[in-house]
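Colleague: how does the following fold in three dimensions:
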Amino acid sequence: MKDLSVNLLLEFPEEHRVERVLWIDPGMRGLYAIDIRDANALPEFYQAEEIEKMRDAGEWRVVENDPWLLALADENISEIYRDKRDSAWETIRPLIFDQPAIFDAIARSEAVKRSMEESGVTKQTIYRFLRRYWQRGMTPNALLPDYARCGGRGKDKSVSEKKRGRIPDRDGLGVNVTSEMRQLFRAVATKKFITNSQLDFRGAYDELIADNFCERVINEHTGQQELVPQKDIPSLRQFRYWYEKDNDVFRLDRIRRTPRVYDKDMRAILGSSTAETVGPASRYQIDATIADVYLVSRYDRTMIVGR
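Modeller: Model prediction:
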């Protein structure tokens, strides 16, 4: 155990577990460690003989790269994050320096109760701060909030009765787009919009509504059949959003404009002639614009051979 140190990471490959060394007994009788990924983990004591036996059996190995290693200067941390970190640090600072008592379940429980009375912070919050501090490297920055991990960016929200997204511009509560509606959107995009260059996006949306979200009603005054939109229909904004999300819009645009036109006028420009030069006069270019000059045959000047 002499080659082990505090904050070292030990990986147990067979159990897919990584633990951080929190404290090593000065007499080398054992150490405390905690699983860095378990949301409910607490410090666990390992006897020195147990650690050495597992090492000899190849059950654990030292991990060089720390996934929680975060070197941040205070000026690069927002004020809100710093305030949250400092508040959490003040709450648990008296506890974490009470080693090794804080690693013992009974002593830790009593210390947390005293901290609750002094700070007014709940038991769950104190344990969350302690666990985060131990798992993430035992530095004050380990207590920075995880606001960047909140939400579900890039994930589709589940469909429920509650309206998702922004409040619609028109009257009513709007409609949630279901998987069946998205299939209709894709069908209109791939079968009508990209195959008819004369049809704009609004026209494709109108056809979508006319074909799938309208009822045919007889006008009592004219006797003619008319299309009446249903009460809850997807908006043009929703149609555009899911068109861009569910399709490769660049590929569809290339098909719609034809590959020749798209590659000539719409393709992405990855470089420029200027960027490829090393200095003045290193490259010369000639404009390819056709001029109003007619070329005639040297044998018969009445015969035009080109411009």
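
Colleague: only C-alpha atoms for contact and neighbour calcs from this point on.
Modeller: Fine.

Colleague: need the contact partners of stretch 180-189.
Modeller: Outside of stretch 180-189, the residues within contact range by CA atoms under 8 Å, 6 or more residues apart in numbering are 204, 208, 239, 242-243, 246-247.

Colleague: ignore the last one, stretch 251-261
Modeller: 190, 193-197, 262-263.

Colleague: buried residues, that stretch. List them.
Modeller: 252-257 (16 or more other CA atoms under 10 Å).

Colleague: picking that back up, residue 30: which of the contacts of stretch 180-189 is nearest?
Modeller: residue 246 (55.6 Å; CA to CA).

Colleague: OK, contacts around the closest one?
Modeller: Counted by CA under 8 Å, 6+ apart, residue 246 has contacts residue 186.

Colleague: then residue 129?
Modeller: 88, 92, 143.

Colleague: hang on, the earlier thing: got the contacts of stretch 251-261 as JSON lines, with distance to residue 294, neighbour count and pLDDT columns?
Modeller: Below are these laid out as JSON lines (distance: CA to CA, whole Å; neighbours: other CA atoms under 10 Å; pLDDT from 0 to 100):
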{"residue": "190", "distance to residue 294": "45", "neighbour count": "15", "pLDDT": "88"}
{"residue": "193", "distance to residue 294": "42", "neighbour count": "23", "pLDDT": "91"}
{"residue": "194", "distance to residue 294": "40", "neighbour count": "22", "pLDDT": "89"}
{"residue": "195", "distance to residue 294": "39", "neighbour count": "16", "pLDDT": "89"}
{"residue": "196", "distance to residue 294": "38", "neighbour count": "12", "pLDDT": "90"}
{"residue": "197", "distance to residue 294": "35", "neighbour count": "13", "pLDDT": "87"}
{"residue": "262", "distance to residue 294": "30", "neighbour count": "17", "pLDDT": "89"}
{"residue": "263", "distance to residue 294": "29", "neighbour count": "12", "pLDDT": "88"}
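
Colleague: any weak-confidence spans in the stretch 101-250 of the chain?
Modeller: 147-174 (pLDDT under 70).

Colleague: partner strands of the helix or strand that contains residue 215 and their direction?
Modeller: Using DSSP states H and E, residue 215 maps to strand 214-218. Strand 214-218 has the following sheet partners, assigned by DSSP bridges: strand 225-229 (antiparallel).

Colleague: ok, and what's touching the partner strand?
Modeller: 209-210, 213-219.

Colleague: tell me the most packed of those residues, by neighbour count.
Modeller: When neighbours are taken as other CA atoms under 10 Å, the top entry among the contacts of strand 225-229 is residue 209 (19 neighbours).

Colleague: could you look up the SS state of that one?
Modeller: Counting by DSSP: H, G, I helix; E, B strand; the rest coil, the backbone at residue 209 sits in helix.

Colleague: ok, now which ones touch it?
Modeller: With CA under 8 Å, 6+ apart, residue 209 has these contacts: 229, 233.
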